[in-house]
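A.B. asks: Quick one: sequence and predicted model below, then my questions.
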Amino acid sequence: MLNSDVLVLNSGFIPIRITSVRDAVCLIAAHRAVPVIEDDEYVRSPSISIRIPSVISVLGYNSFPQRRVVFSKLNVIYRDDMLCQYCGSRFNMKDLTVDHVIPRSRWESVTGRDQGDGFSTWHNLVCACRWCNNRKGSRLLHELGWALLREPFEPEYMPYIFVSFERAKQKGWLPFCNFNVRIIGVVE
Ligand SMILES: [Zn+2]
């Protein structure tokens, strides 16, 4: 229970991170945060009794951390909203891969550029489910009659917090999630 998640808002109620109940209770006890939404249960110690929060607001901090968008496989998957860019379906993280749209063996002949020039970049990588990735192999999209859901791009901004719709709903976080948070939709 002490390790379950708490959404942390800044003093302007913008979500800035997710922390544990343990840390949230410490912040409240130290008067550095106030609870915004609380459960019916308590954390008790000999000297203190605090209702377990699911959302807190930090006092006196109204900026928020800027995330520089680093190039990584995980960020490619997030950029594409966990949607396979080939079949258009949404999958759980465990079934998602990152695929080179133009495969390694074809890169030089298709683009006339060497591997160091653009092969593993935002523009040639997309989120793909493992089934589409397998089927595609080293072929080009037009050879399969496939099209990309969306042209790959380099994102300028990425939200700080990613959370699934179910989890945000269950925790009562949804009303606070309109900025700096990306809600990952329901898997159909
Ligand atoms: Zn797919």
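C.D. replies: Cool, the structure landed. Numbers count the residues shown, from 1 in each chain.
A.B. asks: Contact partners for the residue nearest the centre of the chain?
C.D. replies: By CA atoms, centre = their mean, the chain has its centre lying nearest to Phe162, at 3.2 Å. Phe162 is in contact with 78, 181-182, 184, counting by CB atoms under 8 Å, 6 or more residues apart in numbering. Bear in mind the C-beta positions are built from the backbone N, C-alpha and C, glycine included.
A.B. asks: try 7 Å this time
C.D. replies: By CB atoms under 7 Å, 6 or more residues apart in numbering, Phe162 lies in contact with 78, 182, 184.
A.B. asks: what about the nearest residue to Phe179 once chain neighbours are set aside, distance to the ion?
C.D. replies: Closest residue to Phe179 apart from its sequence neighbours, by CB to CB, 6 or more residues apart in numbering: Ile14 at 5.4 Å. Distance of Ile14 to the ion, given as CB to the ion, to the nearest Å: 34 Å.
A.B. asks: Let the chain start at 35 from now.
C.D. replies: Will do, 35 is the new start, and the previous item becomes Ile48.
A.B. asks: quick one: pLDDT of Ile48?
C.D. replies: pLDDT recorded at Ile48 is 90.
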